[in-house]
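1. Coordinates for the following, if possible.
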Amino acid sequence: MEIGCRLGRTHWGRGLATEAAQAVVARTRAELDLGRLVSIHVVGNEASARVMVKLGMSLDRETVQPGTGRRVRVYAMDL
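-> Residues are numbered from 1 along each chain as shown. A predicted model of the protein is given here:
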């Protein structure tokens, strides 16, 4: 299962992505029978990478996004 969010630039840097993602992780652990969560960010978007690390995710791999050719990093956590 992949989690992610997009925020308008005016909302960046306020902790909203971290807060929302923490709520998703907590609810996923409590209510869903999933073994793993992943999240993906475009290489260079270090703010998103920091959110993933705060959640307890680790870098799983770097790959290329199909259709766009953009380099992305996949972070993952076992539940």
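2. Give the buried residues for the helix or strand encompassing K54.
-> Under the criterion of DSSP states H and E, K54 resides in helix 46-55. For helix 46-55, a neighbour-count test (16 or more other CB atoms under 10 Å) marks S48, A49, V51, M52, L55 as buried. To be clear about C-beta, it is placed using only N, CA and C from the backbone, and glycine gets the same treatment.
3. how close does the last one sit to A26?
-> Computed with CB to CB, to the nearest Å, the distance linking L55 and A26 is 10 Å.
4. ok, now the second one?
-> Shown here: A49 relative to A26, a distance of 21 Å by CB to CB.
5. Now do the contacts for T18.
-> Counting by CB atoms under 8 Å, 6 or more residues apart in numbering, T18 makes contact with V51, K54, L55.
6. element containing it?
-> helix 16-31.
7. Give me the average confidence score over that helix.
-> The pLDDT scores in helix 16-31 average 94.
8. Could you look up the next helix or strand downstream of it?
-> Sequence order places strand 36-42 as the next helix or strand after helix 16-31, per DSSP H and E.
9. Summarise which helices and strands that following strand is packed against.
-> Helices and strands touching strand 36-42, by 3 or more CB pairs under 8 Å, 6 or more residues apart in numbering; DSSP states H and E, are helix 16-31, helix 46-55, strand 71-78.
10. for those, which one sits closest to I40?
-> Closest approach to I40 among those is made by strand 71-78 (5.1 Å; CB to CB).
11. what angle do that closest one and helix 16-31 make?
-> Inter-element angle recorded for strand 71-78 and helix 16-31: 40 degrees (by axes from the mean of the first three to the mean of the last three CA atoms, to 10 degrees).
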